[in-house]
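Enquirer: pasting the structure only:
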């Protein structure tokens, strides 16, 4: 199959979807966003050997590529609508593409986002970029910049699991739960929607809790104190690693795609799946406390350069 | 500089632009499209060593990355609005990034499109993906699918120049005009806008005139006859190559980013910079005529797989 046949066979489902006037197959997609909303626009790339090990199941690569974008939409309080895919491949193996498209549509169908276009190219390694649009009520997009001293800092889920899963994957060790958290993380779309009008600042954790919370605080011009002993850790993480490693994964491991946010604690009291881990402060420092003492944390998270 | 400082330094201009509520720097951009329009959404990737030679000036890579997307917007009759950039780099040389961002913003400013977000990653080679949004009056997007027997087929500009320029570049031969047509093609945005309501089908020529016209005809369920002796060829192309090569570049060379379209000839008679090259027919074949005789053309254009 040539490039055009490939696209048609694996990516063109010719669905009829509200708001999608023209999908895959023309020079571009033609879309009718809900005029009562603002559009959230995000883009994220996964590179073979950098963001996932060489040899990762293409279905997992695709699934994760969709989720990392959904997570950005979640962090803005948005509902996902549509996405375009730029796929750079080393060859055009049909089995690879079949698995990739099955993972892509598994995530797309689960989270209600529609593939409306793309570009396939050849390169030296697999590079997957997805650009995604979501919608949020006008003027209500959640930003990083509104955290106010006195707000409580929350995190969803159990951070650290994905980094632990990646470490196991790289050592070719098995742990279905932890490796699964790396390969198929959960975009916190429902929580993001519920935070609209409630959270003062939100970010998703892609580069590590401490590093990403630091970005939220910098955007907000505030500081924070978080308690390491209040970090929500999964049973699987506790069972597999010692306490130091658990904390290191939870504080600086990337790839969780949980949300970290600041809010008045009373306004989010009814939300499930969130844990208070600290407070926003007047200073601009981010302090990590362990049994009340400040400890140093390597806050570099994961940086590309 | 780390990844975040890089983004801020080279790509965050903190412009105030109508419709851009939040630009570069948050989890995503927040945008307010014109509610009286449909949104055109496109995505295109350029890979080092595939779409441009290794060692190409980063300013030209960036400029061309913007233009190839603008060209898709032009082919839909749209006005460009905003774009996101996914940039995979082998290292983070400041001189490379400085040149790249200068080329990016040169094209963005010239054609009035705003960078609103992006993602930088590290990989084995340079891969540049841009996702771009444009706007077109509701229900008026130009598609590939409306060509009708009897329509005249037109092309903008002088196709073949870009492929000739690339061939010279690869042989390390100079020709300012032809090489310039490859490195910095012209997106036919003005012509695209003027074709709204007039052209029955439009495509931009990225993979070669014959191949791309073939896609337009397939989408329209029609055929065509084009006259090779009516192809508009530039003086520079004629001066540098023999007649066979001129025609081969014009018919099957890629990278021109000219528009090829079908229209009632009377409706576009006042448009400058277009040339009639043939007619849409009832058959589904695309015939190339030379002095009235059908000739065979290798219509493969440029395919990635």
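Expert: Looks like it came in fine. Only a predicted model underlies this, so the values are computations on that prediction, with no experimental measurement involved.
Enquirer: got the contact list for residue A:216?
Expert: With contact set as Cβ atoms under 8 Å, 6 or more residues apart in numbering or on different chains, residue A:216 has these partners: A:144, A:147, A:201-203, A:260-262. Backbone N, C-alpha and C define where each C-beta goes, glycine included.
Enquirer: any weak-confidence spans in chain A?
Expert: Residue ranges of chain A with pLDDT under 70: A:1, A:3, A:299-305.
Enquirer: residue boundaries of the helices in it?
Expert: Per DSSP state H, chain A carries helices over the ranges A:3-11, A:58-75, A:94-111, A:161-170, A:176-183, A:189-195, A:209-220, A:235-240, A:243-252.
Enquirer: Mean neighbour count, those helices: which tops it?
Expert: Between those, helix A:58-75 has the highest mean count of neighbours, a mean of 26, where neighbours are mean count of other Cβ atoms under 10 Å in any protein chain shown.
Enquirer: how does chain A divide into domains?
Expert: Domain assignment for chain A by automatic domain parsing gives A:3-137, A:152-295.
Enquirer: Give the full set of residues in contact with residue A:283.
Expert: Under the criterion of Cβ under 8 Å, 6+ apart, the contact list for residue A:283 reads residue A:223.
Enquirer: Can you say which of the domains of chain A is nearest to residue B:140?
Expert: domain A:3-137 (9.5 Å; Cβ to Cβ).
Enquirer: Pull the distance from the closest one to the chain's centre.
Expert: With Cα atoms, centre = their mean, to the nearest Å as the basis, domain A:3-137 stands 14 Å off its chain's centre.
Enquirer: Whichever residue of the stretch 101-250 of chain A sits closest to chain B pairs with what?
Expert: With Cβ to the nearest Cβ, the shortest gap between the stretch 101-250 of chain A and chain B falls at residue A:131, namely 3.4 Å. According to DSSP bridges, the residues that bridge with residue A:131 are residue A:43, residue A:84.
Enquirer: For the nearest residue to residue A:231 once chain neighbours are set aside, give me its contacts.
Expert: If the residues on either side of it in the chain are set aside, residue A:231 comes closest to residue A:250, at 4.8 Å by Cβ to Cβ, 6 or more residues apart in numbering or on different chains. In this structure, residue A:250 makes contact with A:158-160, A:209, A:231, A:233, A:237, judged by Cβ under 8 Å, 6+ apart.
Enquirer: contacting residues around residue A:168?
Expert: Counting by Cβ under 8 Å, 6+ apart, residue A:168 touches A:174-175, A:178-179, A:240.
Enquirer: repeat that for 10 Å
Expert: Residues in contact with residue A:168 (Cβ atoms under 10 Å, 6 or more residues apart in numbering or on different chains) are A:174-175, A:178-179, A:182, A:240-241.
Enquirer: same deal with residue A:51?
Expert: Taking Cβ under 10 Å, 6+ apart as the definition of contact, the neighbours of residue A:51 are A:44-45, A:61, A:64-65, A:68, A:127-128, A:166, A:206, A:254-255, A:302, A:304, B:121-123.
Enquirer: run the last query once more with 8 Å
Expert: A:45, B:121.
Enquirer: Which phi and psi values does it adopt?
Expert: Summarising the backbone geometry of residue A:51 under the convention degrees, to the nearest 10, its torsions are phi -100, psi -20.
Enquirer: Let me know how buried residue A:46 is, in neighbour terms.
Expert: Around residue A:46 sit 20 other residues, with neighbours defined as other Cβ atoms under 10 Å in any protein chain shown.
Enquirer: pretty sure it is in contact with residue A:65, am I right?
Expert: Yes: counting by Cβ atoms under 8 Å, a contact exists between residue A:46 and residue A:65, whose distance comes to 5.2 Å.
Enquirer: what residues do those two have in common as contacts?
Expert: The overlap between the contact sets of residue A:46 and residue A:65 (Cβ under 8 Å, 6+ apart) consists of A:128-129.
Enquirer: ok, which residues in the stretch 51-200 of chain A are in contact with chain B?
Expert: Within the stretch 51-200 of chain A, the positions adjacent to chain B are A:51, A:72-73, A:75-76, A:78, A:82, A:84-86, A:88-89, A:91-92, A:116-125, A:127, A:129, A:131, A:133-134, A:136, A:138, A:141, A:143-145 by Cβ under 8 Å from any Cβ of the partner chain.
Enquirer: Just the buried subset of those residues, please.
Expert: Under a neighbour-count criterion of 16 or more other Cβ atoms under 10 Å in any protein chain shown, the subset of those counted as buried comprises A:51, A:72-73, A:75-76, A:78, A:82, A:84-86, A:88-89, A:92, A:116-125, A:127, A:129, A:131, A:133-134, A:136, A:141, A:143-145.
Enquirer: thinking again about what came up before, for the helices of chain A, which one sits closest to residue B:278?
Expert: helix A:3-11 (22.0 Å).
Enquirer: That closest one versus helix A:94-111: what angle between them?
Expert: Note on geometry: by axes from the mean of the first three to the mean of the last three Cα atoms, to 10 degrees, helix A:3-11 and helix A:94-111 are set 50 degrees apart in direction.
Enquirer: about what we covered before: please tabulate the domains of chain A in JSON lines, including the columns distance to residue B:289.
Expert: Listed next are those as JSON lines, based on distance: least, Cβ to Cβ, whole Å:
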{"stretch": "domain A:3-137", "distance to residue B:289": "25"}
{"stretch": "domain A:152-295", "distance to residue B:289": "55"}
